[in-house]
Every structure is written in structure tokens, then in C-alpha cells.
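Q: Just the structure for this:
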Amino acid sequence: MEYTEVRISIVPFTEDNADWVVAEIESLGYESFCIQESCLLAYIPSSRFDFGRLTDALEVFAGHLELEVSHAPVPEQNWNAIWESSFEPIVVDGECTIKATFHKGLPETRYNITIDPKMAFGTGHHQTTYLMASSLMRENVAGKSVLDMGCGTGILAILAAKMGALSPVDAIDIDGIASDSALENAGLNGVGERLSVKCGDASVLGTDERYDIVMANINRNILMADIPSYARVMHHGGVLLVSGFYVEDIVMLSAVAEKCGLEYSSQRNREDWAVVRFVKK
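A: Purely as a prediction, here's the structure:
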């Protein structure tokens with residue numbers, strides 16, 4: 001399948017502004033995103049690319065951001081090379097190794113997760129993946145019910161399953177390719193029967209589910225909108241781990257969480273990124 005690469009130059013550029021653009025255009029059929037210098041790169045099957053719809057969607061940024069858009073086809077033979085070159089292995093606290101199928105010679109750790117990133121790797125910041133995995137390994141996961149929102153390739157859900165979480169670990173992502181990839185990666189890691197993967201957003205959370213641990217590594221705007229939904233499906237005393245935002249955003253997120261009966265517990269930082277732990281009162 002041929003894909004189209006859309007290059008969006010953003011002024012002023014911040015990763016937060018890039019996430020804002022992603023949130024506006026991903027519903028148009030864009031399957032993956034990555035950041036290169038001061039640009040957001042967005043990928044969509046060429047058969048679904050509509051430049052008019054894209055420019056209409058970007059009108060919301062008029063007066064806020066200066067955007068310059070260009071596009072070009074990406075031959076399939078170059079597609080995997082793009083994602084392989086963008087995915088680096090991660091070793092978290094010497095306890096968890098996250099690698100792709102094409103990485104060789106990495107150390108064996110307590111938890112070893114092999115994924116096939118495909119197109120679902122997205123903008124996946126290594127800092128936030130590291131922070132979330134590190135924070136999860138500090139929780140008492142064994143026998144606990146776990147939800148992974150915005151699961152991407154399934155790294156955190158797979159880690160929870162390997163740590164002995166109650167089966168199934170629920171994993172949800174709005175991107176169909178991501179949810180399919182998460183299920184495939186669960187099988188690749190021997191926990192395929194221990195994950196339940198759905199495609200959708202927080203609206204797919206039912207009225208009966210209750211979780212001891214909820215994880216969401218997304219972006220600030222989505223988290224602020226969806227924290228009430230997360231709080232609704234948490235047990236009292238349950239833990240919410242959130243990342244995908246900057247340290248400076250913690251005050252805003254904490255204010256939303258407090259209104260939902262979630263109490264700030266702790267935070268950890270990596271460069272400018274943060275993970276925050278909340279507990280349901």
C-alpha cells in the first residue's frame with residue numbers, strides 16, 4: 001500500500017503544539033505521526049488523502065499557529081525503513097527491555113518486551129514510555145485489574161500482563177492499526193490471551209468495568225477531557241498513572257483530577273516530561 005507523507009511546519013514549534021495538531025487531524029484517517037526537527041510528519045494511505053479536508057481542519061489554528069503544509073507519496077518499500085530507523089530500544093531501570101523485532105544483542109532483563117512497531121508507533125516519546133513503564137513497575141500489579149488507555153503498540157498493557165495483572169488487561173486505542181498491533185504484539189510476547197484490545201476512545205468504557213490501575217500515556221488535551229471517564233471506572237483507592245505532557249501542565253491536570261475525586265500522590269520527571277500518580281479517594 002502506498003502512503004502519503006504530510007509535512008506540517010509549525011511556528012512556534014513545541015511538541016505540545018504538535019500534539020494539538022495531531023488531535024485535530026487524526027480523525028481524518030491519519031494512521032501515524034512523528035516529529036522531525038520543527039515539523040510534524042503525518043502518514044495516511046494515499047487513497048484516503050484529501051488535501052482540502054486537511055486544510056479545512058487546520059483552519060482552527062488561524063491566529064494561533066503558523067502552519068505550512070506539503071505532501072509527497074512514500075513508497076511502501078521505504079515505509080518500514082522509516083519506522084525502523086525511528087524506533088530505538090529502551091531499557092527501563094535495568095528491569096525492563098523494550099525492543100523491536102529487528103533489534104539484536106540487547107540485555108536480558110526481568111521483563112523483556114518485543115514489539116513490531118509498524119505504523120502504530122506514532123509520536124511515541126521515549127521519555128514518557130520510560131516514565132510510565134518505570135512507574136508501573138513500582139506498583140503492586142499482581143492480581144489487580146488494569147486498563148491501558150491510548151495503548152499504542154501495547155507496551156504498557158503487555159508489561160502489566162507480565163507482572164501478573166488480573167486477566168484480561170484491557171487496552172484501548174483510537175487508532176485501529178494501533179489496536180491491531182497491540183493484539184499482535186501481545187501474542188508475540190506470549191500474553192495474547194491475557195489482553196482484551198478495543199478500538200475507540202474513552203466513550204467505549206462501559207458502566208460495569210472497574211479498575212485498580214488505569215494508565216494513560218496520551219497528551220494533555222485528551223487527558224483533561226477524559227480524566228472524568230477514567231475516574232468513573234476506578235475502584236476507590238485505585239491508581240491513575242498519566243503521562244504524555246510537560247511538567248508545566250501538572251497544575252492544570254491536577255485541578256481536573258481533583259474535581260473528579262482523584263488525589264495527587266506523586267510525580268516523576270524525565271527531561272521536561274512528567275508522569276503523575278493520582279489515587280481515587
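Q: Do you have the helices of the protein handy? List them.
A: 15-25, 51-58, 76-86, 126-136, 155-162, 176-188, 220-232, 250-259 (DSSP state H).
Q: which residues of the chain score low on pLDDT?
A: 1, 75-87, 117-125 (pLDDT under 70).
Q: count of neighbours near Gly176?
A: 12 (other C-beta atoms under 10 Å). (Glycine included, C-beta is placed from N, CA and C.)
Q: Quick check: the gap between it and Ser32.
A: The span separating Gly176 from Ser32 equals 12 Å under the rule C-beta to C-beta, to the nearest Å.
Q: before we move on, what about Leu54?
A: When Leu54 is compared with Ser32 (using C-beta to C-beta), they lie 15 Å apart.
Q: Quick check on these two: which one has the bigger neighbour count.
A: Between Leu54 and Ser32, counting by other C-beta under 10 Å, Ser32 is the more crowded of the two (25 against 20).
Q: Who does the more buried one form a beta bridge with?
A: Tyr43 (DSSP bridges).
Q: For it, give its distance to Arg220.
A: Distance from Ser32 to Arg220, by C-beta to C-beta: 20 Å.
Q: same deal with Leu131?
A: 15 Å.
Q: of these two, who's got more company?
A: Leu131 (25 against 20).
Q: Can you verify my assumption that the more buried one contacts Ser243?
A: Yes. Applying C-beta atoms under 8 Å, one finds Leu131 in contact with Ser243, separated by 5.2 Å.
Q: what residues are shared contacts of these two?
A: Counting by C-beta atoms under 8 Å, 6 or more residues apart in numbering, the residues touching both Leu131 and Ser243 are Trp273, Ala274, Val275.
Q: Give me the spatial nearest neighbour of the second one, chain neighbours excluded.
A: By the measure of C-beta to C-beta, 6 or more residues apart in numbering, the closest residue to Ala274 outside its immediate chain neighbours is Val247, 4.7 Å from it.
Q: swap in Trp20?
A: Closest to Trp20 by C-beta to C-beta, 6+ apart is Asn221, at 6.6 Å.
Q: ok, that neighbour - contacts?
A: Asp19, Trp20, Ala23.
Q: Could I get the contacting residues of the last one?
A: Applying C-beta under 8 Å, 6+ apart, one finds that Ala23 lies in contact with Asn219, Asn221, Ile222.
Q: got those as a markdown table, with distance to Ile115 columns?
A: What follows is the contacts of Ala23, written out as a markdown table (distance: C-beta to C-beta, whole Å):
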| residue | distance to Ile115 |
| --- | --- |
| Asn219 | 21 |
| Asn221 | 26 |
| Ile222 | 22 |
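Q: Closest one to His71 out of the residues you listed, please.
A: Distance ranking of the contacts of Ala23 against His71, using C-beta to C-beta, places Asn219 first at 23.4 Å.
Q: so what's that closest one up against?
A: Per C-beta under 8 Å, 6+ apart, neighbours of Asn219: Asp16, Asp19, Trp20, Val22, Ala23, Gly244, Phe245.
Q: Turn these into CSV, columns for distance to Val279.
A: Output for those, formatted as CSV (distance: C-beta to C-beta, whole Å):
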residue, distance to Val279
Asp16, 26
Asp19, 26
Trp20, 29
Val22, 30
Ala23, 27
Gly244, 20
Phe245, 19
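Q: List buried members of these by neighbour count.
A: Asp16, Asp19, Trp20, Val22, Gly244, Phe245 (16 or more other C-beta atoms under 10 Å).
Q: Taking those residues together, which two end up most distant?
A: Top of the distance list for those (C-beta to C-beta): Val22 and Phe245, 13.4 Å.
Q: wait, isn't Leu28 in contact with Asp56?
A: No. Contact criterion C-beta under 8 Å: Leu28 and Asp56 do not qualify, at 9.5 Å.
Q: Neighbour count for these two, which is higher?
A: More crowded of Leu28 and Asp56, by other C-beta under 10 Å: Leu28, with 16 against 11.
Q: Give me the spatial nearest neighbour of Arg270, chain neighbours excluded.
A: Arg270 sits nearest to Gln127 (C-beta to C-beta, 6+ apart), 4.4 Å away.
Q: ok, Ala186 - how many residues close by?
A: 26.
Q: for Ile35, same thing?
A: 17.
Q: quick one: it and Tyr211, what's the gap?
A: 31 Å.
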